[in-house]
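S.K.: give me a model of this one.
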Amino acid sequence: MDQDNENTHLLGQRDTAASATSSTRRSAARFCVKWRPAYFLLLVKLLEMTCLLGVRGNLVQFLEYHRFLNWSTTNATIAALVSTKATMLGAVISGVLADSYLGRYTVLLVALMLQFLGSSFFALAAVLESYVKNDQNYVTEFNVLVIAGLSLLGLGTAGAYGTVIPLGIDQYKSEEQRAAKNFFPLYYWFVNVGSLVAFSVISTVQGNWHTVGYSIPPVFSLLSLIVLLAARKHLRKQEPRKSTVPLVLSVCKEAVGVWRRTRRTAVRTAQTVTSLTSAWGTTVTAPWIRYAETCYGGRFSYNEVAKVHNFLAVVSILAATMFYQIIVTQTTTSFTSQGNVMRLPLERNIDPFLANSTNRTVIPPSAFASFNPIAVLIAIPLLYLVVYPLWARVSNGVTPSHIKRIYAGMVVAVLSAALAAVVEFERREETRWTWHNVTQRNSPSVTICVSSLPIFYQVPQYMLSGMAEVLSLLSALELAYVRSPINMKGTCIGLVYAFQGVSAMISVGIVLLIHHSKHLQSLFFRNHEQGNVHLFFATLAGVILIGILIFYLAARSFNTVPIRSETEQESKEATAPVNNNRTMDIATVSSYYKV
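M.R.: Just a heads-up that it's a prediction; the model follows:
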């Protein structure tokens, strides 16, 4: 999938409706019949995600109710976001290392080793809790053990995110591009199979058998390592390419310098900067990037500047999606905390004033996060096998573009946050005015007040969140790979997850703002009974709406330029305008750059 062949129209891929449907069926048949080395990586990702979410699913509750930890809800939520989302900022570093230095297989192998160590530390903390007496002298040791586990788990997660997709696409030959495109929905489908196993099975085991439940994730991590090592001889491993990061920095520096000199020249000749930029069109990265080319007085060729231009275009469009991804971080933090104060299945109502009564929870609140991957598992085949081919049939072969899919996902994410606000408002009113229906659920260290509103009211918001992931996050992954330069595939894939990390930091900022403000403390989860947590979810919906506006401003001028072949480049350079004095002939240059 070279850059030369990635000139896909922004609004969709032109094809007949019949060929779109038949090709989808042929691709599905090939996937069912022919085994591909890329399937090893799908299995590795499934096991790796099962391990990761097996730890993360009950992480907030683990940090709150562990005898030697007993963290506050605020600190536990922040730790969960930082360890599992903010560390995704490292996905960019792992992508750079995989693309240009160590190779994708090596980086993935090291990442899985780190994840195994991190999950093992959590298992050790859970096992030792059962055998160590309630001696506060061990509090420091347990905190160090958990923090080390969080750090290693985050590093391993970042390394895996930046390598699996590019390494999987490497397993396809150049003539198998259509089959390679199917790797993206398959990849995300397997990711959510692992999520479903973690949220439904492992979370339930952890809720009933604490020690056994936290011993399961390291087993899945070890299995992922075994599968990757067993597939070593079957995987096609490309040699690292020359890093483009120095080129990006050099081109940007050169473009800024030439643009400033050109701007001064334009002022002296009574030309405006607007007239100069309009001569060769506007892009989301701003026209100044092309001032680094030789025809403008720069020292870089067209192809070098075009690679940097495409990279910056992808970065800008991905950055505009990070406000949407705030809702993704809530499925295992705020949504779970909300479910913790709702009535669970198989839980009987008891007298709210009997604080010492005991009751066993069969299905923990974190298990209901499994409705998120269930929605993804349903949405992927529905969209890729039914909706998109039908869209192509009624729109003259044009399938929905990545930009349109991301728009749709953002709208669905707003609905998910708004629905969570409505559910929380109803739950609070039920708790406040019908005290006779309130139950007491005993946790390992505290007793909390629970509403009689069933937790199944959370199912629609989880389902909408999963649908938003398929529309936005999966489309962003495809866009990042298809439109990025050939030697920056892993870097751009890492950027998708890195901006998830930035969104997690925004969520952390919102939590800290609430925690340290006397007027906003009632919005957070320590005061579910009398607080206004529904306003917290409404704030999330408002932030995503702002993100939609930012995404619109970035997407309306999003564009990438083709990479020219050597023959075409030589013919263009032969007729290129010469600017030894670093001045511009607008008519000549604009005709030269029409692509």
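S.K.: show me where pLDDT drops low in the stretch 201-350 of the chain?
M.R.: Within the stretch 201-350 of the chain, the set of residues satisfying pLDDT under 70 comprises 264-287, 326-333, 346-350.
S.K.: ok, now which ones touch the spatially closest residue to residue 40 that is not a sequence neighbour?
M.R.: Leaving aside its sequence neighbours, residue 40 sits nearest to residue 231 (CB to CB, 6 or more residues apart in numbering; 3.6 Å). The C-beta positions use only the backbone N, C-alpha and C, and glycine is treated the same way. By CB atoms under 8 Å, 6 or more residues apart in numbering, the contact list for residue 231 reads 37, 40-41, 44.
S.K.: what is the longest helix along the chain packed up against?
M.R.: Looking across the chain with DSSP state H, the single longest helix is helix 402-433. Secondary-structure packing of helix 402-433 (3 or more CB pairs under 8 Å, 6 or more residues apart in numbering; DSSP states H and E): helix 326-329, helix 334-339, helix 459-468, helix 475-483, helix 533-555.
S.K.: please identify which of these is closest to residue 303.
M.R.: helix 475-483 (15.6 Å; CB to CB).
S.K.: do you know how far residue 41 is from residue 169?
M.R.: 10 Å (CB to CB, to the nearest Å).
S.K.: with residue 50 instead?
M.R.: 23 Å.
S.K.: looking at the two, which is more packed in?
M.R.: residue 50 (27 against 22; other CB atoms under 10 Å).
S.K.: ok so, going back, ok, the residue nearest to residue 40 to residue 215 distance?
M.R.: For residue 231, the distance to residue 215 - CB to CB - is 26 Å.
S.K.: for residue 186, same thing?
M.R.: Relative to residue 215, and taking CB to CB, residue 186 is found at 30 Å.
S.K.: more crowded one of those two?
M.R.: Neighbour count, other CB under 10 Å: between residue 186 and residue 215, residue 215 has more, with 20 against 17.
S.K.: and that one, helix, strand or coil?
M.R.: Under DSSP: H, G, I helix; E, B strand; the rest coil, residue 215 falls in the helix class.
S.K.: could you find the closest non-adjacent residue to it?
M.R.: residue 123 (4.7 Å).
S.K.: same question for residue 196.
M.R.: residue 373 (4.2 Å).
S.K.: isn't that neighbour right up against residue 192?
M.R.: Yes - the criterion here is CB atoms under 8 Å, and residue 373 meets it with residue 192 at 3.7 Å.
S.K.: can you list residues touching both of these two?
M.R.: Joint contacts of residue 373 and residue 192 (CB under 8 Å, 6+ apart) are residue 466.
S.K.: alpha carbons only: can I get the helix or strand where residue 51 lies in CSV?
M.R.: According to DSSP states H and E, residue 51 maps onto helix 38-56. Extracted in CSV, the C-alpha atoms of helix 38-56 (Å, rounded to 0.1, in the frame of the first residue of the first chain):
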residue,chain,number,x,y,z
ALA,A,38,-1.7,-11.4,9.9
TYR,A,39,-4.1,-13.6,11.8
PHE,A,40,-1.4,-14.4,14.3
LEU,A,41,-1.3,-10.7,15.1
LEU,A,42,-5.1,-10.6,15.5
LEU,A,43,-4.9,-13.4,18.1
VAL,A,44,-2.0,-11.6,19.8
LYS,A,45,-4.1,-8.4,20.0
LEU,A,46,-7.1,-10.3,21.4
LEU,A,47,-5.0,-11.8,24.2
GLU,A,48,-3.2,-8.6,24.9
MET,A,49,-6.5,-6.6,25.2
THR,A,50,-8.0,-9.3,27.4
CYS,A,51,-5.0,-8.8,29.8
LEU,A,52,-5.1,-5.0,29.7
LEU,A,53,-8.8,-4.6,30.2
GLY,A,54,-8.8,-7.5,32.7
VAL,A,55,-6.7,-5.2,34.9
ARG,A,56,-8.4,-2.0,33.9
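S.K.: quick one: it to chain centroid distance?
M.R.: 15 Å (CA atoms, centre = their mean, to the nearest Å).
S.K.: I'd like the numbering to begin with 285 instead of 1 from here.
M.R.: Done: numbering now begins at 285, and the last item shifts to helix 322-340.
S.K.: show me what the very next helix or strand once past that helix packs onto, helices and strands only.
M.R.: Next along the chain after helix 322-340, taking DSSP H and E as the criterion, comes helix 343-349. Counting contacts by 3+ CB pairs under 8 Å, 6+ apart, helix 343-349 is packed against helix 357-368, helix 618-623.
S.K.: could these be laid out in JSON lines, adding mean neighbour count and distance to residue 572?
M.R.: Converted to JSON lines, those look like this (neighbours: other CB atoms under 10 Å; distance: least, CB to CB, whole Å):
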{"stretch": "helix 357-368", "mean neighbour count": "22", "distance to residue 572": "36"}
{"stretch": "helix 618-623", "mean neighbour count": "25", "distance to residue 572": "41"}
